[in-house]
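In: need a structure here:
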Amino acid sequence: MTQPGATATVFVRLPKEGERDPEDTGRLYLYLDETIIEVGSQKIFGVGALLTTVPVSPAVIAGALQALRDDPDRDPSTAGYSELKAPLDERTLARGRFHASEDSANAHSHFARAITEQVTGNFTFSFGDLSAGADTAAYRRHALRALYTSLYTRKPVACVFEQRTGLNVDSANVLLEEMRANLDPCAYEQALMRTYSPDITVTVGDKSHPGLQVVDMLLWSMGQEIFFPAGKKAVWAERCGLFKWSDAAIPEAPMRWVRCKVNCRNPMFAEEPDHVVAYPVTWDELIADQEDLTAANGYAAAERVLRRVAVNPLPDHAQHLRPMVAEALRGLARPQQVGPEEIRRVARAFIRVFDTVPVYRGMLGNDPHPQWLRLLRAKRFLGLPLRTDIAGGQLAAEFLANARRVYVEHQPEQYGI
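Out: As a prediction, the model looks like this:
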């Protein structure tokens, strides 16, 4: 989601040897972990998200641990033996998992090699200054940013959150719904931006989870590169296959987030092909007709679409939206009791199916269907009732509710009834 005041720098380089295209599995896997980095007297809180097309296998961890176990430099009789590293390695092997801030360079080396060879994807790191007592708020803020910048997709997503106090599957789903609810109102001012509402399943894992161990290593490595670029540990990001291609910030927040490739040739691999393709309409054309009757007709068109969605076959990737559509339509069962809240439910359902299904399938050829512009205007109009931060949002919801109560009795067909 774009926010006012955001600035970004993009870095470009030629693909490196060993970078590859992720395997297309029809699914995505997202792993989220958090970190605190001390930079002098300042504490930086951040959340990292790794997006892949295949789940991170336990074999990644097992192979790296075995390589560490077999490392000849652990033998006290060899020249590479270190009395400082030895106890760290023993602790890593004893607990059976990696934890970057507590592991030795030996462990980092074997784990980084395993990541380079077996993990391909995108990595987002959102971070900012941690104020006293702000841990929960910081987690929510940076987790949402990491999610926003990762999920431009219709594909189903399996999301693994690292366990933390107060976080379980239910609260993680609440966070995801907050993400979706924050995107819905953007349809009003950013109607030309495609937004998707993929099916996201949630689990919560502990520090032994393979995917979360990889995120922990990527977080630590990128933290070294960003905050201690002249330090010896700054090399680990590159050794893991990380390349920072975007660095963005909202100075007023303050918030900063970087987007990285992880052994990946194309960082857009997870984005829908049409995400970067403009709708066949300009903004001036879209807003050329803002009459009240056009808005009312746009709402009616949206309701007709939802009624078709409720009974017709849907693509597999959009099946999860059917219950939301059904709930929105149930709220319209008593026409004279339809108010602003019922209108908002219809608006959310329509905005989420609009690009996800998408409802305009077959309309956007060389000669766009005449109904196309009406549907896009409906998407924009229905973003306004969801803008509870401005007076116009409530007024729009009340106007559409009043219009529906007036017309539905005499023109039910306009609403697909």
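
In: For residue 249, what is the enclosing helix or strand?
Out: Residue 249 belongs to strand 242-250 when assigned by DSSP states H and E.

In: Dump that strand to CSV, restricted to CA.
Out: Output of strand 242-250 as CSV, limited to C-alpha atoms (Å, rounded to 0.1, in the frame of the first residue of the first chain):
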residue,chain,number,x,y,z
LEU,A,242,20.9,-11.4,-0.6
PHE,A,243,20.9,-8.5,-2.9
LYS,A,244,19.1,-5.3,-1.7
TRP,A,245,17.3,-3.9,-4.8
SER,A,246,15.0,-1.4,-3.1
ASP,A,247,15.4,0.9,-0.1
ALA,A,248,12.3,2.9,0.9
ALA,A,249,11.3,5.0,3.9
ILE,A,250,8.6,7.1,5.4
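
In: ok, that strand: who's next to it in the sheet?
Out: Sheet pairing for strand 242-250, assigned by DSSP bridges, gives strand 7-10 (antiparallel), strand 255-262 (antiparallel).

In: what comes into contact with it?
Out: Contacts with strand 242-250, where a contact means Cβ atoms under 8 Å, 6 or more residues apart in numbering, come from 3, 5-13, 16, 123, 218, 221-222, 225, 237, 255-262, 267. The C-beta positions use only the backbone N, C-alpha and C, and glycine is treated the same way.

In: Nearest spatial neighbour of residue 26, chain-adjacent residues omitted?
Out: Closest residue to residue 26 in three dimensions, ignoring its sequence neighbours and counting by Cβ to Cβ, 6 or more residues apart in numbering: residue 155, at 6.3 Å.

In: Which element, helix or strand, includes residue 50?
Out: Under the assignment given by DSSP H and E, the secondary-structure element containing residue 50 is strand 42-52.

In: List the buried residues in that strand.
Out: 44-52 (16 or more other Cβ atoms under 10 Å).

In: same deal with stretch 210-230?
Out: 210-227.

In: rewinding a little: just send the buried residues of strand 42-52 back as JSON lines, with pLDDT too.
Out: Conversion of those to JSON lines gives the following (pLDDT from 0 to 100):
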{"residue": "44", "pLDDT": "92"}
{"residue": "45", "pLDDT": "93"}
{"residue": "46", "pLDDT": "93"}
{"residue": "47", "pLDDT": "95"}
{"residue": "48", "pLDDT": "96"}
{"residue": "49", "pLDDT": "97"}
{"residue": "50", "pLDDT": "98"}
{"residue": "51", "pLDDT": "97"}
{"residue": "52", "pLDDT": "97"}
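
In: where's residue 83 relative to residue 355, distance?
Out: When Cβ to Cβ, to the nearest Å is the yardstick, residue 83 and residue 355 sit 59 Å from each other.

In: err, residue 266, not the other one
Out: Distance of residue 266 to residue 355, given as Cβ to Cβ: 22 Å.

In: Compare these two (neighbour count), which wins?
Out: More crowded of residue 266 and residue 355, by other Cβ atoms under 10 Å: residue 355, with 21 against 14.

In: The more buried one - that's part of a helix, no?
Out: Yes: under DSSP: H, G, I helix; E, B strand; the rest coil, residue 355 sits within a helix.

In: who's in contact with the closest residue to it other than its chain neighbours?
Out: Closest residue to residue 355 apart from its sequence neighbours, by Cβ to Cβ, 6+ apart: residue 194 at 4.6 Å. Residue 194 makes contacts with 152, 272, 274-275, 279, 355, as judged by Cβ under 8 Å, 6+ apart.

In: Of those residues, select the buried ones using a PyMOL command.
Out: Burial among the contacts of residue 194 is assessed by 16+ other Cβ under 10 Å; the matching PyMOL selection reads:
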select buried, resi 152+272+275+279+355
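
In: In helices, which of the contacts of residue 194 fall?
Out: For the contacts of residue 194, the ones inside helices are residue 355, with DSSP state H as the criterion.

In: sorry, back to before: what about the residue nearest to residue 355, distance to residue 271?
Out: If you go by Cβ to Cβ, the gap between residue 194 and residue 271 works out to 10 Å.

In: Give the residues shared as contacts by those two.
Out: With contacts defined as Cβ under 8 Å, 6+ apart, the residues shared by residue 194 and residue 271 are residue 152.

In: and the gap between the residue in the chain sticking out farthest from the centre and residue 90?
Out: Distance from the C-alpha centroid of the chain peaks at residue 77, with 49.7 Å (Cα atoms, centre = their mean). To residue 90, residue 77 is 17 Å away according to Cβ to Cβ.

In: returning to what we had before: which of the strands paired with strand 242-250 comes out lowest on mean pLDDT?
Out: Per-segment mean pLDDT for those reaches its minimum on strand 7-10, at a mean of 86.

In: Provide the strand pairings for the strand holding residue 50, with the direction of each partner.
Out: With DSSP bridges as the criterion, the sheet partners recorded for strand 42-52 are strand 28-39 (antiparallel), strand 121-129 (antiparallel).
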